[in-house]
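> mind folding the following:
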Amino acid sequence: MYEFTDTTIAACFLSKYVDLPVDQPDVIRNWISKGHDLFAGERKRLEAFFSLESAAATDYLEVLRGQVNFDSCKRILQLYAEAMAGFRWAILSAEDEPQEQGADYRFQSGFDGLTIILPGKVNQFSSREANFLFYKHAVLHQLGYHQWGTLKALREIDQAISTYPQPRLAAALFARIEAARIDWRWQAEFPGTARGYGLLKQSLGESLRTGLTGPPDLFEQMLLTTLDEPADAREPESAFMVQRLESLRDACSTVFDTLAVLDDLYSLLADKMSTVVASDIVMDYRRTLDIDGALVNLPLFEIEGAVQLTEGEDLLQLAMKIDPAGLEIEEMKRGDVDPEQGMMMTDLDEKPDIASSDEAQSESDKMSGLQEALEQFSRRN
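So this is what the prediction gives:
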């Protein structure tokens, strides 16, 4: 049902009813709401909108025709992720992001290795098929950090990045290069993904080029190269950069190859990045890896094969099975532990079986120290 308080406006709507996508009631409702939001109190413009006589009406309707909503495909995406990874992942919508201070860090950072974050709706393309491909490849990209070995090498990545003069810039550069490798590995392993990746990369590349005020500099050339865009490789530095990036297309490339490329390109690109925000959390369908956040969840990745997931569980629920005595608090960074994870671990009442009284005391001391540290962190956050 669609409600109008003005009979004249309702008549305009009904006169064009056969031209509207009546088989998509959500689209119609959103379109009606948009019209009232845009032209509230402007009768003539409202009449034009609902008579499909204004560009605003037809343009927005075209956007909505192809729009895909997260809620309508969440179950499919969960099954897809589970089929690709072999176990269930927590998939959430960025539209659910809490607005109050201290909101859930998972929405405010990159991929933390536990939770796949997706937009609440996608209407970037005119067709529903293309917009669903956006969701599919956004899932694939975040799964790729697990599938292609990035998460298992987090300690080595963190250690390597810490040696650079500007670790934050090194981390941002690594994130962008590793994102390219992840996509190239999927394309090499599953050639059928090439069409979707081609569509998404072309769209993102066009968006980047639109924002340029002149010929792309070396850093911008790097971004375009990671999107399969042709680069100007006439200069020696450009040619070297392209050659090193292209090496990651190898079907057997690893995260250590990415670190090697980072080592070769850092000195060329660090100065070019000095005026760039350290790391965009999301570049279109790519949500970058949050290294610090993922390090907190490292115990989950390491025991992935040792703890059996039951039906309906995801990696967030697996956190409840971790023995917190095995965590090394002194290695954690500020902001690394999600308060919810802290509560899950500090709420564990059961203690492991201990062989001797001395060992029991040692384990008890560890548990007490861990609980105190995590409780203090939870209060701060």
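> quick one: residues contacting Ser15.
Ser15 is in contact with Ser51, counting by Cβ atoms under 8 Å, 6 or more residues apart in numbering. Just so you know, the C-beta spots here come from the backbone N, C-alpha and C atoms, and that holds for glycine as well.
> Leu14 now?
Taking Cβ under 8 Å, 6+ apart as the definition, Leu14 has no contacts.
> and the gap between it and Met241?
Applying Cβ to Cβ, to the nearest Å, the value for Leu14 to Met241 is 60 Å.
> now Ser162
Shown here: Ser162 relative to Met241, a distance of 24 Å by Cβ to Cβ.
> looking at the two, which is more packed in?
Met241 (23 against 10; other Cβ atoms under 10 Å).
> which element is that one on?
Using DSSP states H and E, Met241 sits in helix 236-246.
> ok, and what's touching that helix?
With contacts defined as Cβ under 8 Å, 6+ apart, helix 236-246 is touched by 177, 180, 218, 221-222, 225-226, 231-233, 261, 264-265, 268-269.
> for the stretch 101-250 of the chain, which segments count as helices?
Along the stretch 101-250 of the chain, the stretches classed as helices by DSSP state H, counting those that start in this stretch are 105-108, 128-147, 154-162, 167-189, 194-210, 218-225, 236-246.
> could you dump these to TSV with mean pLDDT?
Below are those laid out as TSV (pLDDT from 0 to 100):
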stretch	mean pLDDT
helix 105-108	44
helix 128-147	94
helix 154-162	96
helix 167-189	94
helix 194-210	90
helix 218-225	91
helix 236-246	94
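> tell me which of those lies nearest to Thr254.
In terms of Cβ to Cβ, the element of the helices of the stretch 101-250 of the chain nearest to Thr254 is helix 167-189, at 8.5 Å.
> give the buried residues for that closest one.
For helix 167-189, a neighbour-count test (16 or more other Cβ atoms under 10 Å) marks 167, 169-187 as buried.
> what do you get for stretch 16-28?
For stretch 16-28, by 16+ other Cβ under 10 Å, it's Leu20, Val27, Ile28.
> quick one: neighbours of Thr5, just the number.
Using other Cβ under 10 Å, Thr5 has 7 neighbouring residues.
> just want to check the distance between it and Ile32.
In terms of Cβ to Cβ, Thr5 sits 12 Å off from Ile32.
> ok, the residue nearest the centre of the chain - contacts?
Residue closest to the average C-alpha location in the chain (Cα atoms, centre = their mean): Arg287, at 3.0 Å. Arg287 sits next to Gly110, Phe111, Ile117, Ala138, His141, Gln142, Ile281 when contact means Cβ under 8 Å, 6+ apart.
> thought the fourth one was touching Tyr197?
Going back to what we said before, that points to Ala138. No. Here Ala138 does not reach Tyr197: they are 11.3 Å apart, not a contact under Cβ atoms under 8 Å.
> which of the buried residues of stretch 16-28 fall within helices?
Members of the buried residues of stretch 16-28 lying in helices (criterion: DSSP state H): Val27, Ile28.
> so which of the buried residues of stretch 16-28 comes closest to Ala57?
Nearest to Ala57 among the buried residues of stretch 16-28, counting by Cβ to Cβ, is Leu20 at 10.3 Å.
> was I right about Ile291 contacting Glu156?
No. Ile291 lies out of contact with Glu156 (Cβ under 8 Å); the separation is 11.0 Å.
> who's more crowded, these two?
Ranked by neighbour count (other Cβ under 10 Å), Ile291 and Glu156 place Ile291 first, with 24 against 12.
> would you check how far apart that one and Tyr197 are?
Where Tyr197 is concerned, Ile291 sits at a distance of 24 Å (Cβ to Cβ).
> before we move on, back to that, which element follows the helix holding Met241 toward the C-terminus?
Downstream of helix 236-246, the first helix or strand assigned by DSSP H and E is helix 255-273.
> can I take it that Met92 is in a strand?
Small correction: residue 92 is Leu, not Met. Yes. Assessed with DSSP: H, G, I helix; E, B strand; the rest coil, Leu92 lies in a strand.
> surely it meets Ile117?
Yes. In this structure Leu92 lies within contact range of Ile117 using Cβ under 8 Å: 5.7 Å.
> so for those two, which sits in the more crowded spot?
Comparing Leu92 with Ile117 by other Cβ under 10 Å, the one with more neighbours is Ile117, at 24 against 18.
> Gln67 - how many residues pack around it?
By the measure other Cβ under 10 Å, the count of residues near Gln67 is 20.
> run a quick neighbour tally on Gly192.
9.
> contacts only, for the nearest residue to Leu200 once chain neighbours are set aside.
Ranked by Cβ to Cβ, 6 or more residues apart in numbering and with sequence neighbours excluded, the top spatial neighbour of Leu200 is Tyr285, at 5.1 Å. Applying Cβ under 8 Å, 6+ apart, we find Tyr285 in contact with Phe134, His137, Ala138, His141, Leu200, Leu204.
> ok, so what distance separates Tyr285 from Ala94?
Taking Cβ to Cβ, one finds Tyr285 at 13 Å from Ala94.
> likewise Cys73?
Distance from Cys73 to Ala94, by Cβ to Cβ: 15 Å.
> rewinding a little: can you go through the contacts of Arg287 and name the buried ones?
Gly110, Phe111, Ile117, Ala138, His141, Gln142, Ile281.
> okay, now Ser238: neighbour count?
As a burial measure, Ser238 scores 19 neighbours (other Cβ under 10 Å).
> gap between it and Leu265?
Ser238 sits 11 Å away from Leu265, taking Cβ to Cβ as the criterion.
> for Arg128, same thing?
For Arg128 relative to Leu265 (Cβ to Cβ), the value is 39 Å.
> of those two, who's got more company?
Counted by other Cβ under 10 Å, Arg128 and Leu265 do not tie: Leu265 has more neighbours, with 20 against 17.
> so the more buried one makes contact with Ala170?
No. Leu265 lies out of contact with Ala170 (Cβ under 8 Å); the separation is 10.3 Å.
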